[in-house]
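Q: for reference, the sequence and a predicted model appear below.
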Amino acid sequence: MMTNQELIKELRKYRCADLSDAMDALGLVDKGTMDEKMRPLRPGIEFKGFAHTVKLLPKQDKVKTCKTVEEWREELGKGCNDIYNFVDTVNEENAKDMVICIDMDGIRGGVWGSEISLTMMERGVEGVVVDGGCRDSYETNVEKAPVFCTRRTFTHAYGRVQRGQIGVPINCAGVTVKPGDVICADDDGVLVIPREVAEDVIQFAKMQLEDDIKVRTQHYQNLGLEPDETLERLMK
Ligand SMILES: O=C([O-])CC(=O)C(=O)O
Ligand SMILES: [Mg+2]
């Protein structure tokens, strides 16, 4: 049995493609494959970590009509206190290797954005996977925030969702994610590897990547290309 730290260090060597092929080898074809609507906010985001799950629910109460900005500030503050109660379950002690996974139950709303990205980057999370919306997308990319989401939107989460549960199994882009499952994200999408099979995938992923590097190294030579970091993943 590997420690989580040993496991994640090893899994970070592999591409989602290698890990997915390894899941295939174990008979788990597409069991952890999130819907392809789950995309990185920009090319080049890659991370792996352990799921911290958040479930939000469709808003039940009617929204208020505010007549003054003071009234609106108070109302929005109340709404945010409700929706964002998960923020303080993440801190500098537990954030390392954590991937926040949010299920918005199919509701529109930019629960993620350029401010909460900075909050979570300060705390030290590995990444964020939102089955739902991210807004302030341009700023979030300027900040180099590690965000995957199924939609971009300018809308807020206020008036659209409300508090659900934290640390329970969720449905995230078509896959059941349990707290502690391994979340693997790169330009191809997001793969969920249940913790209980995560050590078993390694030998198969290693085979896939070793074979790939061998074949592609030959192509690089044939084409007169300089080797790059994609051929050096196993040296990390
Ligand atoms: O209001 C929110 O929390 C979502 C948002 O726009 C941000 O994080 O910048
Ligand atoms: Mg914002």
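A: Arrived safely. Residues are numbered from 1 along each chain as shown. Ligands and ions are numbered 1, 2, ... in the order given.
Q: for this protein, what's the longest strand?
A: In the chain, assigned by DSSP state E, the strand with the most residues is strand 47-58.
Q: got the buried residues for that one?
A: Within strand 47-58, the residues that count as buried by 16 or more other Cβ atoms under 10 Å are Phe47, Lys48, Gly49, Phe50, Ala51, His52, Thr53, Val54, Lys55, Leu56. Every C-beta, even on glycine, is put in place using the N, C-alpha and C of the backbone.
Q: stretch 216-231 now?
A: For stretch 216-231, a neighbour-count test (16+ other Cβ under 10 Å) marks Tyr220, Leu231 as buried.
Q: just the terminal-to-terminal distance for that stretch.
A: 8 Å (Cα to Cα, to the nearest Å).
Q: gap between it and the chain center?
A: Stretch 216-231 sits 30 Å away from the centroid of its parent chain (Cα atoms, centre = their mean, to the nearest Å).
Q: what of stretch 153-162?
A: 19 Å.
Q: give me the distance between the two termini of it.
A: 18 Å.
Q: circling back to that earlier point, for the buried residues of strand 47-58, which one is nearest ligand 2?
A: Of all the buried residues of strand 47-58, Leu56 has the smallest distance to ligand 2: 17.0 Å, by Cβ to the ion.
Q: which residues touch that closest one?
A: For Leu56, the contact set (Cβ atoms under 8 Å, 6 or more residues apart in numbering) comprises 83, 102-105, 107, 111, 132, 157, 161-164.
Q: Met23 now?
A: With Cβ under 8 Å, 6+ apart, Met23 has these contacts: Val29, Lys31, Gly32, Leu191, Ile193, Val197, Val201.
Q: for the single nearest residue of the chain relative to ligand 1, give its distance to Arg135.
A: Taking Cβ to the nearest ligand atom, ligand 1 has its nearest neighbour within the chain at Gly113, 2.4 Å off. According to Cβ to Cβ, to the nearest Å, Gly113 stands 5 Å off from Arg135.
Q: can you check Pro40 too?
A: Using Cβ to Cβ, Pro40 is found at 16 Å from Arg135.
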